[in-house]
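In: Dropping a prediction and its sequence here:
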Amino acid sequence: MVTSNNNPDGDVVLCASSSYKEKYYFNQEFAGLPEPVKEELKVMCVMYTAEIGGILTLQFGSDGRLFLNVTSREDDFLFDEIGSVLKIKQIQSGKRELLEALELYYRIKFLK
């Protein structure tokens, strides 16, 4: 099950988007993913930070579970905390198949 967590141990970042720097990062260790999957991740992350603010990071824990980690600056009064929780739940339910497939890919390819 895909969960939200603030600090998983042994995490490996898949991708991240920042509203502060207006940048998207994709970890090239996952370059083997199909282009449509990479594009869907990019759209999902960038849309989240454009709508909610802050930084969204998708990262794998040491057990292979995928976490959606959200952070924001302490002085960011525009960050929508309530909207963030709702948006994360929307992503988890709407993109469930994609996120679970990514977990499986990570477990097979990296954790063997």
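Out: Cool, got the structure.
In: Quick check: beta-bridge partners of Gln59?
Out: With DSSP bridges as the criterion, Gln59 is bridged to Val13, Phe67.
In: So Gly83 versus Arg96, what's the distance?
Out: Going from Gly83 to Arg96 by C-beta to C-beta, to the nearest Å gives 20 Å. Just so you know, the C-beta spots here come from the backbone N, C-alpha and C atoms, and that holds for glycine as well.
In: Glu40 - nearest residue in space that isn't next to it in sequence?
Out: Among residues not flanking Glu40 along the chain, Leu98 sits closest, at 6.4 Å (C-beta to C-beta, 6 or more residues apart in numbering).
In: so that neighbour touches Glu39, yeah?
Out: No: under the criterion of C-beta atoms under 8 Å, Leu98 makes no contact with Glu39, lying 11.5 Å away.
In: Helices along the chain, start to end?
Out: For the chain, applying DSSP state H gives helices covering 35-51, 81-94, 96-106.
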